[in-house]
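*Asks:* turn this into a model:
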Amino acid sequence: MLLAGRGFQERMDPTSRRGRIARRLRGKGNAPGYLLLLPSFLLLALVIGVPTVDAFIISVKRVSLLGGTEPFAGITNYTSVVQNAQFWRVVRTTVIWTTANVGAQMVVGTCLAVWLNSTRRVDRVLRSISLLPWAVPSVVAATAWRFLYDPSDGFIDKVLLHLHLISQPVVWLGQLDTALPSVIVESIWKGTPFVMVIVLAGLQTVPAELYEAATLDGANAFQRLVKVVLPSIRTTIALATLLTIAYSVNNFNAIWLMTRGGPLETTQILFTWGYEIGFVDFNLGQAAALSVMLFFILLVVAVVYFLVRERAGAES
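*Replies:* Sure, this is the predicted structure:
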């Protein structure tokens with residue numbers, strides 16, 4: 001028995017000789033699975049890899065849809081984008097947009113997840129209702145909220161006028177001080193259920209013994225949440241945060257369909273500005289350069305995401 005146990009430990013230890021052999025054999029056993037995945041990898045390479053490489057190539061050229069192409073322009077497109085007076089305003093708006101979205105979605109989504117996790121009788125009904133905003137296509141959601149904000153027939157202005165909270169209709173998407181917050185509200189409404197689902201899944205993995213131990217120690221509901229529950233799912237919260245950051249930076253539909261970056265570029269983020277440079281100003285070289293910058297920003301987020309996932313796997 002002792003020898004058998006020792007042999008098992010050696011096979012499970014990746015640093016031992018037998019562990020390395022066992023790992024190689026497992027890798028060979030996975031070969032048919034990798035072959036089955038090969039068509040998907042090739043499809044992804046064509047759909048994602050080829051356009052990505054093409055964007056890198058175009059970013060070092062002068063390419064215009066109005067005609068004229070310079071074979072190699074070096075980093076001219078990158079310097080032109082960074083030196084543009086609008087660049088830092090757009091960066092500032094992107095930071096505000098992302099911070100507001102991530103902060104609000106994480107707080108509201110976590111609160112909803114905690115509430116649903118403690119609700120038993122109508123659990124399924126509440127979850128279904130809470131998921132409705134996430135299930136609505138982004139184009140439909142943005143269009144619907146644009147109608148809600150309409151100053152002449154919009155539901156929001158009608159309700160506020162009826163409650164005497166405003167004296168006249170507000171052009172929510174047309175004023176400098178209300179346009180960005182209005183679009184942020186739509187994005188929070190749309191993205192919060194995603195955070196709620198992830199956090200709720202994490203909450204359901206917390207052992208009941210932790211709740212019981214905290215209760216026996218005299219902790220109330222808020223103390224159990226802050227000192228026991230949330231620390232237990234910190235990896236899940238980190239994953240939800242990283243995914244929300246990536247989604248917010250890439251949330252093109254909400255801004256473009258509701259404001260097109262206006263008024264006076266107050267709702268312009270890097271993603272929509274890149275589209276405008278390429279397909280409104282017809283400067284594909286600078287648009288590609290900006291997309292490459294966004295690629296590396298999101299690459300950092302993706303690397304952190306996978307590191308957190310590895311940590312989550314190790315903890316589980």
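*Asks:* now Gly109: which helix or strand?
*Replies:* helix 85-118 (DSSP states H and E).
*Asks:* quick one: list the elements packing against that helix.
*Replies:* helix 123-135, helix 179-203, helix 234-249, helix 270-279 (3 or more C-beta pairs under 8 Å, 6 or more residues apart in numbering; DSSP states H and E). C-beta here means a position set from N, CA and C on the backbone, and glycine is covered the same way.
*Asks:* list the helices and strands the longest one packs on?
*Replies:* Other elements packing on helix 179-203 under the criterion 3+ C-beta pairs under 8 Å, 6+ apart are helix 85-118, helix 123-135, helix 138-148, helix 234-249, helix 252-258.
*Asks:* out of these, which gets the lowest mean score?
*Replies:* The weakest mean pLDDT among the helices and strands packed on helix 179-203 belongs to helix 123-135, with a mean of 79.
*Asks:* ok, now how distant is Asn89 from Ser152?
*Replies:* If you look again at residue 89, you'll see it is Arg, not Asn. Arg89 sits 31 Å away from Ser152, going by C-beta to C-beta, to the nearest Å.
*Asks:* tell me which of the two has more neighbours.
*Replies:* The residue with more neighbours, out of Arg89 and Ser152, is Arg89; 14 against 8, by other C-beta atoms under 10 Å.
*Asks:* state the mean pLDDT of the helix or strand hosting Phe306.
*Replies:* Using DSSP H and E, Phe306 sits within helix 284-315. For helix 284-315, mean pLDDT rounds to 83.
*Asks:* now that helix: buried residues?
*Replies:* 284-294, 305, 308, 312 (16 or more other C-beta atoms under 10 Å).
*Asks:* domains in the chain, as residue ranges please.
*Replies:* Residue ranges for the domains of the chain, per automatic domain parsing: 1-59, 84-315.
*Asks:* now do stretch 44-57: distance to the chain's middle.
*Replies:* 21 Å (C-alpha atoms, centre = their mean, to the nearest Å).
*Asks:* give the rounded mean pLDDT of that stretch.
*Replies:* So the average pLDDT for stretch 44-57 ends up being 86.
*Asks:* ok, residues contacting that stretch?
*Replies:* Ala288, Ser291, Val292, Phe295 (C-beta atoms under 8 Å, 6 or more residues apart in numbering).
*Asks:* ok, so of those residues, who is nearest Pro263?
*Replies:* Of all these, Ser291 has the smallest distance to Pro263: 25.1 Å, by C-beta to C-beta.
*Asks:* thinking again about what came up before, between the domains of the chain, which gets nearest to Glu70?
*Replies:* The nearest among those, by C-beta to C-beta, is domain 84-315 at 8.2 Å.
*Asks:* now the helices and strands packed on helix 85-118 in JSON lines, with mean neighbour count and distance to Pro32?
*Replies:* As requested, the helices and strands packed on helix 85-118 are exported to JSON lines (neighbours: other C-beta atoms under 10 Å; distance: least, C-beta to C-beta, whole Å):
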{"stretch": "helix 123-135", "mean neighbour count": "13", "distance to Pro32": "36"}
{"stretch": "helix 179-203", "mean neighbour count": "22", "distance to Pro32": "31"}
{"stretch": "helix 234-249", "mean neighbour count": "19", "distance to Pro32": "31"}
{"stretch": "helix 270-279", "mean neighbour count": "21", "distance to Pro32": "40"}
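*Asks:* to Pro39, which of those helices lies closest?
*Replies:* helix 234-249 (26.4 Å).
*Asks:* and that closest one, what does it pack against?
*Replies:* helix 85-118, helix 179-203, helix 284-315.
*Asks:* a markdown table for those, including distance to Val228?
*Replies:* Formatted as a markdown table, the helices and strands packed on helix 234-249 follow (distance: least, C-beta to C-beta, whole Å):
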| stretch | distance to Val228 |
| --- | --- |
| helix 85-118 | 12 |
| helix 179-203 | 11 |
| helix 284-315 | 16 |
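*Asks:* ok, which of those helices comes nearest Asn77?
*Replies:* Nearest to Asn77, of the helices and strands packed on helix 234-249 and by C-beta to C-beta, is helix 284-315 at 3.8 Å.
*Asks:* could you tell me the angle between the closest one and helix 270-279?
*Replies:* 150 degrees (axes from the mean of the first three to the mean of the last three C-alpha atoms, to 10 degrees).
*Asks:* now the angle from helix 284-315 to helix 85-118?
*Replies:* Using the same axes, to 10 degrees: helix 284-315 against helix 85-118 is 30 degrees.
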